[in-house]
Structure formats: structure tokens, C-alpha cells
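Engineer: can't give you the sequence, but here's the structure:
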């Protein structure tokens, strides 16, 4: 059997849907993708180094709010299983890496999850396999980090194995677009790689968007998130300007949004959260330095978005001060700790930074969030707190209530009526005696 | 007749469509609005200090490409007339100011067209009239510049006259949205002013969007244009980064645009043009300084967008250099001199700056533009040039052809085939031997 025919074999396995898919990293990206491949009838092996996640999945227990135990059961019945044993890589045909790409303490890319994963599976890599990276990363990663690892083992992408980059576009909490409905960008190390990768994903995803290179695919994902980070940074700056001028930025944004072309509304908030928007853009910033270029919009957006929690805390302090109170000793309730509406993900949530800043100033901090009954341990913060139940009585025990994430589950009439002081970072309320916009 | 009843009379004139409308400034904004009011059967008097424009309009001659002599004739038959005689202000009930608001040489607001217009009409202002400003300007202009002028003459907005700000949203060349179809934001000096202004415009505009104050309306228009300036600045910066990394930004933008949420494509180009986007944002920058705040996104966008013509000229020089040629002495043809596609407006067009920079470096510069047969005299540049007719023979006489504005009227196949060297600033062509992306 020649090396070329190994890729022909892969193509024929994909064509007959007999391809076995391995997903590395079973978080917000990898798990939905694994379930989707299982749903279309493929055998899927999910890999995660977290033994607890693996155990839970194999007992139909979900650790992501929107993925129900029923969905897990259906996937497992269809052949999905989870494991921490990387030697099982050999059983799979398509290996898809969906691990996080965070920043280190100096805002430089931390690719360790990617490299550790690839290094762990590489001993079991065999010719005829396809390797796909989905993690958001700087342009050149697939080419400069993954391809050399394959070559070091004697493999040649496009000849005896396939290598592609296909960025995830998951949007947790978006009811309109599930994994299968979101067009998926893909770039290949070679045209043959691109062809095989596209064929594989097309089994599970309605529309594939092939581009000319892995670099173009890497840049595409970055541009999407840079676009968001910059637009949110812009409206946050505009919020600060409008606030100083006595103008309600939310009213202005609503009015501007009536323009039927040329304007797209972005909503200011207490800062930027989640695992993507605050982080990904700096992957380009880091790489651009290699070319002696600065990515100034990204840096400015980062600066302004990072400042927002401090600005909100300043507004809280001012509002308490108006009532003759200090932050120190005040009882402050933060509403909504996940980074966006109607989800349970607290990563990089500005609400937690606001809680931390307030606690640092001596406030007694509590929170309420229908999606987060108990605050998980996170990389940066630790709060030993449980969600406060919201009613007239509990609300009245707080000197200040801060709306940070406007879940649909909150009773906004109750909040407006019973809060002694309500600081609204989401433009949800009309300013009133007890309600301050921040 | 009490003072209040003067406004009642205005309301009843509006209600019965017997209101006479005066439009000050018959340019790209004022003329279409005047024609629209005439179209719905109102008597309209158009004012302009430019006697030539007045003469032309009164002879059914148009000076704006998309406004046909037939439209003018219809409007004049319906009762529209143009004049330079400001004393005729007394004949009108609603006075709408549509004059330009440029920047001075130090990027500070130049409100002289607004103040000169208002000072010219003020001697003829009478109670029961409505004054509306449409010119884009800093938040507070209506309140701080117009209202005092009314009060100085003894008028009180909301009592014996009405004062509103309702920003124009014209989009020249947009075939989908004419004047009447674009929802119109409006803010009043008082609730009564807002009510009267809304009623007036509703005679001609399908959807009015009332906001709480003239400041909010002023800020709305600025936010719309700031949003565009910043997003164009961002993709221009990304173009520079991608170019350095060997990535085609146009391919990346097209791929990103397949994301069905959270991303809106903006197109990089040779710089920012037109009378709005490069200018308006700095009105906020200027005003913000009064509050000791910087508008950093606006300044960064301005800096990058202003740099783009220089960047393009650098790319042209590099491309000629590759062929062993200097800019000096090269024959360079610039394609498209209006600031955007399919229109004839050359104001602030980056194409002209590129021509000026190339001429400064000793190039022999020519242009071709189906919408601009002869270059008009402009504030900053003077070129004694006529549009070159494009054919195989004429194209071959140029060392370099630069696509600056991608009008539909160009023959792109011909350009790709016959240009010795084609520098494409619009992502219209696939890069090839003779085609360079810039």
C-alpha cells in the first residue's frame, strides 16, 4: 500500500461515513462538536485530561448547562465515549483538537494546551490520519507548531496524513445557531488536506467555507473576535464620554440602530468577558511584533475594556457616596456573574472582577445568578459564595444592587421597586431616584 | 393671539399640509430633502448663497448626478423655487438648515456655515416658526449655539417658536434607501418642539425616531459615523498587518462574513473619503476636551485612515521599483476619483491625495472616472485634468494603473489584461503577475 493510498483510504472512510472521530478537549467547543458527530452516526471518542469530566460523561452527567443528560445518553447510545487514555488515538481517523488557548500573565499566547495535547497524541499518530486544530490562535500556528511535529515523526501533510485548521465558532446561549448551522471556515496545509478536512466536517456541518491556507483560516477567526472586541471597546468609550456629557448612551445606540444600513449596534457593559473576546485578539498582537507592527486597535480596545470594571466600581462608590455611605461596610449585591446573558460560564467575567474590587475596598459582597447556584473556583478569583435568592425581603438588606449580567430570569420590576440603590451597567432600566446608569 | 397659539397655528398648518418649508443649503443633503417635501405637495423655498446653484435649479439644471432635470422640473412645477434672498425666510413656517460642518486646518469644528446661515435668516425670523438643524455637529450645538440666538431676538423655543435637531442620514448612491425611506432621528429643545418637528417631518419621511433631547440626537448621528470611521480604521490596520504576514485581507474578510452573527464586514481601501466619515467624529473629539476626556478610538481611526494614501503610494513605489522604475517619470493612471463607488462626489477623496502625493514624487499622473469627466476645483487640490478614456491602447501607455474606487462602470477584465502593472486597493482582483494588492 503506497503512502498516497492511505489518504485515499481516509477519503473513502469519510465518504462511507465509517470515519472514527477523536475530539481532544471536551469543553464548550469540543463537547458540542463530539455530540454533533455522534448525532450524524459517526463513532466518536472524546479525550480529556480531566478524569472527572470523563467519568461524568460516561455516566451521562453534564457539566454544561445547555447540554442535557438526555443528549449525552443519546450520543453514548450512538457510540460516543469519553476517555483520558491517549493511546486510543490509534483507533481514530480524524483527530480534532479543541483545547483552550489562554494568555499568560504577560498577555502572551499560552499554547501549552495545544502543544501538550499534540505531544500526547503524537506517539499514537499513524499515517492516513487527519489532524485538525480548532483552537483560536495566531496566524502561522498550524504551519509553524503543528506541521513540524508531524514531520519530526516522519509524516508529511498532504502525502501520508492531513493537517487542517478549522476555527470553532460556537456561540453559547445562541438559540438560533447550533453547531451544525454555523458555517465553518477551514484551511489546509495542502489542497489535498483541505479537501479531506472539508469532506470530514461536511458530514456534520451544513456549510463549509474553505480558504486558501491555514494562515488565512487562523486570521479569519482572529478578525471575527477582534471586530467584536474593538466594537465593544468603542461603545464602552462612548459610554464614558456620553455619561460625562449627561447623555444616555443606551438611548443613543437604540436611535442609531434605526439606521437601516451602515450601523450595527453593540452594547456597552461592565467590561468584556468570556474565553474568547478579551483574549484572542492578543494572539495577533503578539505575532505582529515578529513583523515589527503594532495592532493598535486591539491594544486600545483591551485597555478600555479592562478599565470598565474599575469605572463601574467608581460609579458604585459615587452613588453610595451620594447617600453618605462608604463602600467599606456597605452590603452590595451583584446580579449576574456569568460573562453573558442566559449562560452559566463565568470565565473572564467582569462581574467577578467588580466583586473582587468591591471586596478589596471593604464591601460585604454577595451575588445572585439563576444560572450559577454556587461560584466555581476560577483561575483568578475565589469566592466562597452561593447565589442569593431574590425577593423583596432579601433585596432590602443590601445598600446597593449592581446589575452586571441581564439574564432573562431576573424579575426586573421587583429589582426596580425594592432596591435601595440600583446601579445598572446594562441599560436595562430607566434612570430614577434609586436607579443609576453605569 | 397669545404666543402659545402661534405654535397651535403652526401645528394646524402642518396638520393641513399648508406649511411652507424653507431649506438652507442645497447640496447633497438639502436638495433631496427639498425635492421630497415638494413631492408630497408642500411649498418649498430653497436657499443657497451660491448664485450659480440657484440659477441652475431655477432652470431645471442639476449639479448632482443622481438628481435628474426631470425631478427638478417636477419639483418646480409642484412649487419648489430656489433663492439667495434670505428675507424670504418670512414666507416660510419651517426652516431647515442643511449646510456643511467641516473641520478647520487644526481639525476643530468649523460651524461658520451654520452660524452664518442662522445669522442671515434671524432678522426675518418670526414667532410661530420652526427651526431645524440637520448638520452633523457636537452634542450641545442646538442648545448652546442656536437657542441663544433665538433668545437674543426675544423668542423662546417651545413657547413662541420651535427648535429641533434632526440629523440627515443621506446615503448617496444607495439604491435601496431614498430620503423618505430612511428613519429620521429627531430631538427637540422642549417636548412641544419635538412634537411639532416630528409632525412636520412625518409629512415627508416614513419613520421618525424621537429621542429625549437635541443632545441625544446630535450624539446619535456622531455615533453612526464614528462607528463607520472606527470599523474602517480597524480593517485598514488589519490590511497592513495581513499584508506583512502574506495573508490576503479580502479573502479573510469574505470568510469572516460567513459568520451569521457577531461580525459585520467592512472593506479596507485607500483611505477614508466623503464629507462625513473622515470629519464628523472629530466634532466629538473637540467637544469631549471640554469635559477633559479623550476620544481615543476616533483619534486612532483618524490616524490610520489618514495614513492609508501614504501606504498605498508606498506600495505603488515598491511595485514600480520591482520593475526597476522610479515613481519619478512614471506614467500613473488612477482609476476612480470619487470617494465611493458609483457616485460623482470627490470631496475628501483619498484618490486625489494619492494623485497629489504621486505628483509630488515626480510621477506623470492621469485619472479615469466615468462619473467625473473633469476634476472640479476642490478646497485642497487643483488638477487640470480630464478623465482618460479606457481602452487597450490608452492602458498600455501607463507604467502603473491604480484602482482607487471600484465603480461598476469599469471594465475589470480589460484592466486585468491590459495593465502593465495594476495596484488594487479594493480587493477587486486576484493577485497575479501584473496585479498587486494594496
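Structural biologist: Yes, it's here. Quick caveat: nothing in here was measured; it's all calculated off a predicted structure.

Engineer: Only C-alpha atoms from now on, for both contacts and neighbour counts.
Structural biologist: OK.

Engineer: For chain A, give me the ranges with low pLDDT.
Structural biologist: Scanning chain A for pLDDT under 70 picks out A:1-4.

Engineer: And it, split by domain according to the record?
Structural biologist: Domain ranges of chain A: A:3-212, A:308-437, per automatic domain parsing.

Engineer: Could you give the number of residues near residue A:295?
Structural biologist: Residue A:295: 20 surrounding residues under other CA atoms under 10 Å in any protein chain shown.

Engineer: and the closest residue to it other than its chain neighbours, what is it in contact with?
Structural biologist: In space, and not counting its chain neighbours, residue A:295 is closest to residue A:285: 5.5 Å by CA to CA, 6 or more residues apart in numbering or on different chains. The neighbours of residue A:285, taking CA atoms under 8 Å, 6 or more residues apart in numbering or on different chains as the test, are A:294-295, A:298-299.

Engineer: ok, so of the residues you listed, who is nearest chain B?
Structural biologist: Checking those against chain B with CA to the nearest CA, the nearest one is residue A:295 at 7.3 Å.

Engineer: right, and that closest one touches residue B:235 too?
Structural biologist: No - using CA atoms under 8 Å, residue A:295 makes no contact with residue B:235, being 11.1 Å away.

Engineer: among the domains of chain A, which is nearest residue A:242?
Structural biologist: domain A:308-437 (11.2 Å; CA to CA).

Engineer: so when I look at residue A:251, I'm seeing a helix, right?
Structural biologist: Yes - under DSSP: H, G, I helix; E, B strand; the rest coil, residue A:251 falls within a helix.

Engineer: Check the secondary structure at the residue nearest to residue A:295 for me.
Structural biologist: Recorded secondary structure, residue A:285: helix (three-state DSSP).

Engineer: what do you get for residue A:277?
Structural biologist: coil.

Engineer: ok, it touching residue A:224?
Structural biologist: No - between residue A:277 and residue A:224 there is no contact under CA under 8 Å: 9.1 Å.

Engineer: neighbour count winner among the two?
Structural biologist: Counted by other CA under 10 Å, residue A:277 and residue A:224 do not tie: residue A:224 has more neighbours, with 25 against 21.

Engineer: quick one: contacts for residue A:156?
Structural biologist: By CA under 8 Å, 6+ apart, the contact set of residue A:156 is residue A:150.

Engineer: Residue A:8 versus that one, what's the distance?
Structural biologist: Using CA to CA, to the nearest Å, residue A:156 is found at 15 Å from residue A:8.

Engineer: Then residue A:368?
Structural biologist: Residue A:368 is 55 Å from residue A:8, by CA to CA.

Engineer: Give me the more crowded residue out of those two.
Structural biologist: Using other CA under 10 Å as the criterion, residue A:368 and residue A:8 rank with residue A:368 on top: 22 against 15.

Engineer: Please identify which helix or strand holds the residue lying closest to residue A:212 once chain neighbours are set aside.
Structural biologist: Residue nearest to residue A:212 in three dimensions, not counting chain neighbours: residue A:187, with 6.1 Å by CA to CA, 6+ apart. Residue A:187 belongs to strand A:184-188 when elements are defined using DSSP states H and E.

Engineer: about what we covered before: wait, the residue nearest to residue A:212 sits on residue A:164?
Structural biologist: Yes - assessed by CA under 8 Å, residue A:187 is found in contact with residue A:164 at 5.7 Å.

Engineer: who touches both of the two?
Structural biologist: Common neighbours of residue A:187 and residue A:164 (CA under 8 Å, 6+ apart) are A:194, A:214.

Engineer: Between the two, which has more neighbouring residues?
Structural biologist: Comparing residue A:187 with residue A:164 by other CA under 10 Å, the one with more neighbours is residue A:164, at 33 against 28.

Engineer: How about that one: which residues does it bridge to?
Structural biologist: Counting by DSSP bridges, residue A:164 forms beta bridges with residue A:132, residue A:188.

Engineer: who touches it in this structure?
Structural biologist: The contact partners of residue A:164, taken as CA under 8 Å, 6+ apart, are A:130-133, A:142, A:186-189, A:193-194, A:197, A:214.

Engineer: Looking at the residues you listed, which one is closest to residue A:123?
Structural biologist: Comparing the contacts of residue A:164 against residue A:123 with CA to CA places residue A:131 closest, at 13.6 Å.

Engineer: Wait, the closest one touches residue A:95, no?
Structural biologist: Yes - using CA under 8 Å, residue A:131 is in contact with residue A:95, at 4.8 Å.

Engineer: List the contacts of residue A:202.
Structural biologist: Each residue near residue A:202 by CA under 8 Å, 6+ apart is listed here: residue A:208.

Engineer: State the distance from it to residue B:108.
Structural biologist: Distance, residue A:202 to residue B:108, using CA to CA: 55 Å.
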